[in-house]
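[1] Quick check, what structure comes out for this input:
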Amino acid sequence: DLACVDLSAGLSNGSVLVTFMDSRSAEKALQALAPRATWVRPTERDYHAVRLAANEIPRLSPSDMLAGMETFGKIAKCWNQGGDLVVEFFDLRAARETVMSIPAC
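    Next up is the predicted model:
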């Protein structure tokens, strides 16, 4: 699924910016269109990750925490950042749903 197609740079440099809902789809497109397609840094609204403040994280085992987060979507990776838990989803809709459902995000 496409999240956005931005044609605004097309007149100046001939490029089109395509944002995918799922990062796996973006990877497939990059591979299929190489070397004509390149990765660009996501904008704020394109992020697939959510951050849970350490003081807001329930006292659950890591496996229980990940199982709970996976109810929103498939997890690409997670890491500790300054004591906070960062969970990155493959699909940005899962990250958005998490933010809407968990006040601590």
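
[2] contacts and neighbour counts: CA atoms only from here.
    Fine.

[3] Now the closest residue to C4 other than its chain neighbours, what are its backbone angles?
    Nearest in space to C4, with sequence neighbours left out and distances taken as Cα to Cα, 6 or more residues apart in numbering, is T19 at 5.0 Å. Per-residue torsions, T19: phi -110, psi 130 (degrees, to the nearest 10).

[4] what's the answer for E88, then?
    The phi/psi pair for E88 (degrees, to the nearest 10) is phi -110, psi 130.

[5] Identify the residues contacting it.
    Residues near E88 by Cα atoms under 8 Å, 6 or more residues apart in numbering: 48-50, 75-78, 95.

[6] Is it possible to mark the buried ones in those?
    Listed as buried from those are 48-50, 75, 95; burial here means 16 or more other Cα atoms under 10 Å.

[7] Just send those residues back as JSON lines, with secondary structure too.
    What follows is those, written out as JSON lines (DSSP: H, G, I helix; E, B strand; the rest coil):
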{"residue": "H48", "secondary structure": "coil"}
{"residue": "A49", "secondary structure": "strand"}
{"residue": "V50", "secondary structure": "strand"}
{"residue": "I75", "secondary structure": "strand"}
{"residue": "A95", "secondary structure": "helix"}
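
[8] Done for today, thanks.
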